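>>> have a look at this prediction, sequence included:
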Amino acid sequence: MNHSDQWKKKLSKEQYHVMREQGTEAPFSGKYWDSHEKGMFVCAACGAELFSSDTKFDSSSRWPSFTEPANLEHVVLKEDMSYGMKRTEVVCKRCGAHLGHVFDDGPKERGGKRYCINSVCLDLKR
């Protein structure tokens with residue numbers, strides 16, 4: 001079984017599309033976009049701790065938004081030039097899953113970053 005088949009077996013069709021093919025879930029569709037539950041958001045593919053609910057904020061972006069990762073060593077930031085835009089992709093360092101993008105339009109008093117992350121990439125551990 002090749003690496004791609006292993007991921008297809010482990011992930012849902014939507015998770016595979018977002019996490020392995022750099023897709024994006026539909027706006028307002030993810031289970032965490034408007035969630036206010038407390039805990040640690042982990043990678044749905046490998047369980048790496050990614051974002052604390054303490055850094056989650058309502059951004060009106062239609063996807064879960066965070067001001068910073070729980071641990072900078074658990075994410076990799078990559079230049080993304082897809083769709084004719086220059087963006088910064090957020091990737092899980094442990095498994096290489098595409099998580100979303102980071103933008104410079106977050107709360108200024110909290111560092112100014114908005115990590116816009118797809119819900120399907122996350123599990124919440126309480």
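Ah, there it is.
>>> helices along the protein, start to end?
3-10, 13-21 (DSSP state H).
>>> out of those helices, which is the most enclosed?
Per residue and on average, the most neighbours among those fall to helix 13-21, with a mean of 18 (mean count of other CB atoms under 10 Å). C-beta: built from backbone N, CA, C; applies to glycine.
>>> other SSEs contacting that one?
helix 3-10, strand 98-103 (3 or more CB pairs under 8 Å, 6 or more residues apart in numbering; DSSP states H and E).
>>> lowest confidence element among the helices and strands of this structure?
Counting by mean pLDDT, DSSP states H and E, the chain has its least confident helix or strand at helix 3-10, which shows a mean of 90.
>>> alpha carbons only: can I get that helix in PDB?
The C-alpha atoms that make up helix 3-10 are tabulated as PDB, following Å, rounded to 0.1, in the frame of the first residue of the first chain:
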ATOM      1  CA  HIS A   3       1.600   6.500   1.200                       C
ATOM      2  CA  SER A   4      -1.400   8.100  -0.500                       C
ATOM      3  CA  ASP A   5      -3.500   4.900   0.000                       C
ATOM      4  CA  GLN A   6      -2.600   4.900   3.700                       C
ATOM      5  CA  TRP A   7      -3.900   8.500   4.100                       C
ATOM      6  CA  LYS A   8      -7.100   7.700   2.100                       C
ATOM      7  CA  LYS A   9      -7.800   4.800   4.500                       C
ATOM      8  CA  LYS A  10      -7.200   6.900   7.600                       C
END
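>>> where does pLDDT dip in the protein?
1 (pLDDT under 70).
>>> please, where are all the strands along it?
Assigned by DSSP state E, the chain shows strands spanning 40-43, 49-52, 56-57, 65-66, 75-80, 87-92, 98-103, 114-117, 122-125.
>>> nearest to Asn2 among those strands would be which one?
Closest approach to Asn2 among those (CB to CB): strand 98-103, 18.9 Å.
>>> stretch 35-51 spans what distance, first to last residue?
One end of stretch 35-51 sits 14 Å from the other (CA to CA, to the nearest Å).
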